[in-house]
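Chemist: from the sequence below, what's the structure:
(2 chains)
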Amino acid sequence: MTAVVRLLLPVVGLAAAVTAWWFLSAGSTSFYFPPLADIAEAFADNWLFERVGSDLAPSLGRFGLGLLGAVVLGVVAGVLLGRAPRLQNAFQPQLEFLRSTPPVLLLPPSLLLFGTGSGMKVFVIALGSVWPILLATITGVRASDSIALDMGRVFGLGRTALLRHVVLPNALPSVVAGIRSALPIAMVLMVVTELVASTDGVGYFILQAQQSYDITDMWSGVLLLGFVGMALSLALAWIERRVQAVVVPTSQGGQKK
Amino acid sequence: MNRLIQKNQAATGPGEPPPVLEVSGLVKSFGGAAGEAPVIDGLDLRVPRGAFVCVVGPSGCGKTTLLRSIAGLAPHDAGEVRVCGKAVHGPSRELAVVFQEYARSLLPWSTVEANVRLPLKYLPLSRAEVATRVKDALQAVGLWESRGKHPWQLSGGMQQRVAIARALAYRSEVLLMDEPFASVDAQTRTDLEDLILKLWEQQDMTVVLVTHDIDEAVYLADTVVVLSTSPARVIEQRTVSIARPRDQIATKTDPEFAEHRARIFELLK
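Modeler: The predicted model follows:
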């Protein structure tokens, strides 16, 4: 009963909000806040599926490549720094500096260095969203169980074998959590790079619509980004739960006899 | 039976072969050699091949530190540890360890079978040999049927049996056990004691078991090594000649058992 209620409540809440928006905006004559019905129509026109290939695909492509770059860079550097405490000590000030610099500030120098192409966008997304992944990887690697490490050493596992069988599986949940925190940053950078300099992408589409006063089109793009962000976040939450269930089963409802 | 006689000869006979484990003048302190009082100060120990040696000492006397030094997990400050004649400066192929914290020494994301197989993957063995060893070891501890399960699906005693199987499959000369039965209930504990005795008698191995439990030490061992309070030194070695196979009731009511027990209790007071 309570489980059903818990599942139903968000649906009810969402339905109420959409219904309220729909009817409150139905008679709207405001140029900036058109009726939801019009936005929905624009959404269907644009994103089912006319502009999926021309705008959504390039956006998601750059987003995916950038995030992939961030994951590779963050995990490799995180494992190195996590396994070598002295190295991490030496790099700590630089890490703190880079981490607390707003990622959007990467844009001006990147524009100068790489121009306005996709490469620049992927670079900005990767470098901007790498920090939470890097820090989470360091934490996860550091949290390796000392007894498990002793076991590995006693039984003749070398550095790479220890990494593969003990350190990395143990760090995996932390890494996934880091990726989840990186997701919104990568998303923001995807849009911002398209607002600044682009010839395609959802951000570019929104900017174009806004500048040519196609307000319903603009809102349809905003709505789309909301949906995409939510879907990605949900997908990663699901992956996180799966990883947790495999790596730390006892803390995630694994039965103990 | 033949092997038992051999064992006793190895332990006491004249012209004895070189010990499989030899600790001489071991010194170990934390925070480097300078300054701090040592945890172990000049400890000597000789374990002949095929022996079952139990090391007892008051809690906090450095038993675990000694075991870590022997296992090559912690460098010692002075003295020497030799396994099969070779000085130990790091983990040795001829040494396997069963840790007290079974839940932490097994990998929760691997099955029982994969946990036992893991060390073998890095030995120069054929696939068939690895498979045979894993199967033999798991059968020896009675867990072949549970090979597909994950450690967290098993009871504490079963998890410790997986750890024992992993050590068996590794086939090292010496099996080091650090309070291996301290974290399980009393019934499981006696079962595990008898299991390890059975395995020791069947297989060709030398066991060094660290414990704070005097009864357990006398029940299992050929030789009980008694350590002093910190800094640890050997204060007495007692040879236990109660007949084997040992039995939870007969052995523990043997007059010799009571004698050792009383003496060691006295020493540890």
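Chemist: hey, let's count contacts and neighbours off CA atoms from now on
Modeler: Will do.
Chemist: run through who's touching stretch A:60-71.
Modeler: Contacts of stretch A:60-71 from elsewhere in the structure, counted by C-alpha atoms under 8 Å, 6 or more residues apart in numbering or on different chains, are A:118, A:121-127, A:129-130, A:133, A:179, A:182-183, A:186-187, A:190.
Chemist: list the ones among the residues you listed that fall in helices.
Modeler: In helices, judged by DSSP state H, the following of the contacts of stretch A:60-71 are found: A:118, A:121-127, A:129-130, A:133, A:179, A:182-183, A:186-187, A:190.
Chemist: near residue B:91, how many other residues are there?
Modeler: Applying other C-alpha atoms under 10 Å in any protein chain shown, we find 23 residues neighbouring residue B:91.
Chemist: what's the answer for residue B:246, then?
Modeler: Summarising burial for residue B:246: neighbours were counted as other C-alpha under 10 Å, giving 16.
Chemist: just list the residues touching the nearest residue to it once chain neighbours are set aside, thanks.
Modeler: If the residues on either side of it in the chain are set aside, residue B:246 comes closest to residue B:219, at 7.2 Å by C-alpha to C-alpha, 6 or more residues apart in numbering or on different chains. Residues in contact with residue B:219, defined by C-alpha under 8 Å, 6+ apart, are B:246, B:248, B:251-252, B:257.
Chemist: got the residues of the stretch 151-269 of chain B near chain A?
Modeler: The stretch 151-269 of chain B has residues B:152-155, B:170 near chain A, with proximity defined as C-alpha under 8 Å from any C-alpha of the partner chain.
Chemist: kindly recompute the last result at 7 Å.
Modeler: Remark: the part of the stretch 151-269 of chain B in contact with chain A comprises B:152-155, using C-alpha under 7 Å from any C-alpha of the partner chain.
Chemist: so which of those residues belong to strands?
Modeler: Counting by DSSP state E, no part of those is found in strands.
Chemist: of those residues - the most surrounded one?
Modeler: Within those, most neighbours by other C-alpha under 10 Å means residue B:152, with 23 neighbours.
Chemist: any idea of the pLDDT on that one?
Modeler: In the prediction, the pLDDT value recorded for residue B:152 is 91.
Chemist: for the stretch 1-150 of chain A, what spans make up the helices?
Modeler: Assigned by DSSP state H, counting those that start in this stretch, the stretch 1-150 of chain A shows helices spanning A:2-24, A:36-45, A:57-83, A:85-100, A:107-114, A:118-142, A:146-154.
Chemist: spatially nearest residue to residue B:113 (excluding sequence neighbours)?
Modeler: On the basis of C-alpha to C-alpha, 6+ apart, the spatially nearest residue to residue B:113 that is not a chain neighbour turns out to be residue B:147, at 4.8 Å.
Chemist: if I look at the one you found, how far off is chain A?
Modeler: From residue B:147 over to chain A the distance is 16 Å, taken as C-alpha to the nearest C-alpha, to the nearest Å.
Chemist: residue boundaries of the helices in the stretch 1-150 of chain B?
Modeler: In the stretch 1-150 of chain B, the segments counted as helices under DSSP H, counting those that start in this stretch are B:2-12, B:63-70, B:102-105, B:112-117, B:127-140.
Chemist: go through the shortest one and flag the buried ones.
Modeler: What that stands for is helix B:102-105. Of the residues in helix B:102-105, those with enough neighbours to count as buried (16 or more other C-alpha atoms under 10 Å in any protein chain shown) are B:102-103, B:105.
Chemist: on contacts alone, who are the packing partners of that helix?
Modeler: Contact here means 3 or more C-alpha pairs under 7 Å, 6 or more residues apart in numbering or on different chains; DSSP states H and E; on that basis helix B:102-105 packs against helix A:146-154, helix B:156-170.
Chemist: with respect to burial, which of the ones you listed scores highest?
Modeler: Of the helices and strands packed on helix B:102-105, the one with the most neighbours on average (mean count of other C-alpha atoms under 10 Å in any protein chain shown) is helix B:156-170, at a mean of 25.
Chemist: report the angle between the helix or strand just after that helix and helix B:63-70.
Modeler: Towards the C-terminus, the helix or strand next in line after helix B:156-170, according to DSSP states H and E, is strand B:174-178. Here strand B:174-178 runs at 150 degrees with respect to helix B:63-70, directions being taken by axes from the mean of the first three to the mean of the last three C-alpha atoms, to 10 degrees.
Chemist: same question for strand B:174-178, mean pLDDT?
Modeler: Taken as a whole, strand B:174-178 has a mean pLDDT of 95.
Chemist: so what does it touch, helix or strand wise?
Modeler: Applying 3+ C-alpha pairs under 7 Å, 6+ apart, we find strand B:174-178 packed against strand B:95-98, strand B:206-211.
Chemist: the shortest one pairs with which strands?
Modeler: It refers to strand B:95-98. Each strand pairing with strand B:95-98, determined using DSSP bridges, is listed with its direction: strand B:174-178 (parallel).
Chemist: same thing with the last one?
Modeler: For strand B:206-211, the paired strands and their directions (DSSP bridges) read strand B:52-56 (parallel), strand B:174-178 (parallel).
Chemist: not counting that strand itself, show me its contacts.
Modeler: B:49-56, B:63, B:173-179, B:217 (C-alpha atoms under 7 Å, 6 or more residues apart in numbering or on different chains).
Chemist: could you rerun that using 8 Å?
Modeler: Contacts of strand B:206-211 from elsewhere in the structure, counted by C-alpha under 8 Å, 6+ apart, are B:20, B:48-57, B:63-64, B:67, B:173-180, B:182, B:200, B:217.
Chemist: and the lengthiest helix in chain A, how far from the chain's centre?
Modeler: Selection of the longest helix in chain A by residue count, based on DSSP H, yields helix A:215-247. Once both centres are worked out by C-alpha atoms, centre = their mean, to the nearest Å, helix A:215-247 turns out to sit 8 Å from its chain's centre.
Chemist: where does the stretch 101-250 of chain B have low pLDDT?
Modeler: Screening the stretch 101-250 of chain B residue by residue with the criterion pLDDT under 70, one finds no matching range.
Chemist: confidence-wise, which helix or strand of chain A is lowest on average?
Modeler: helix A:85-100 (a mean of 88; mean pLDDT, DSSP states H and E).
Chemist: and the contacts of it?
Modeler: With contacts defined as C-alpha under 8 Å, 6+ apart, helix A:85-100 is touched by A:81-82, A:131.
Chemist: same deal with stretch A:156-176?
Modeler: Contacts of stretch A:156-176 from elsewhere in the structure, counted by C-alpha under 8 Å, 6+ apart, are A:75, A:133, A:136-137, A:139-141, A:143-144, A:148-149, A:152-153, A:236, A:239-240, A:243-244, A:247, B:91-93, B:107, B:109, B:119, B:122.
Chemist: can I get the helix or strand hosting residue B:188 as CSV, trimmed to CA atoms?
Modeler: Of the helices and strands defined by DSSP H and E, residue B:188 is found in helix B:186-202. Taking only C-alpha atoms (Å, rounded to 0.1, in the frame of the first residue of the first chain), the coordinates of helix B:186-202 have been written out as CSV:
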residue,chain,number,x,y,z
ALA,B,186,31.4,-21.3,19.7
GLN,B,187,29.8,-24.2,17.8
THR,B,188,31.2,-23.0,14.5
ARG,B,189,34.5,-22.5,16.1
THR,B,190,34.9,-26.1,17.3
ASP,B,191,33.8,-27.3,13.8
LEU,B,192,36.4,-25.1,12.2
GLU,B,193,39.1,-26.2,14.6
ASP,B,194,38.4,-29.9,13.7
LEU,B,195,38.3,-29.0,10.0
ILE,B,196,41.7,-27.4,10.1
LEU,B,197,43.1,-30.3,12.0
LYS,B,198,41.7,-32.7,9.5
LEU,B,199,43.1,-30.7,6.6
TRP,B,200,46.5,-30.4,8.2
GLU,B,201,46.6,-34.2,8.8
GLN,B,202,45.5,-35.0,5.2
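Chemist: list the buried residues for it?
Modeler: Residues of helix B:186-202 classed as buried: B:188-189, B:192-197, B:199-201 (neighbour count, 16+ other C-alpha under 10 Å).
Chemist: between these, which sits nearest chain A?
Modeler: The shortest approach to chain A among the buried residues of helix B:186-202 belongs to residue B:188, at 14.2 Å (C-alpha to the nearest C-alpha).
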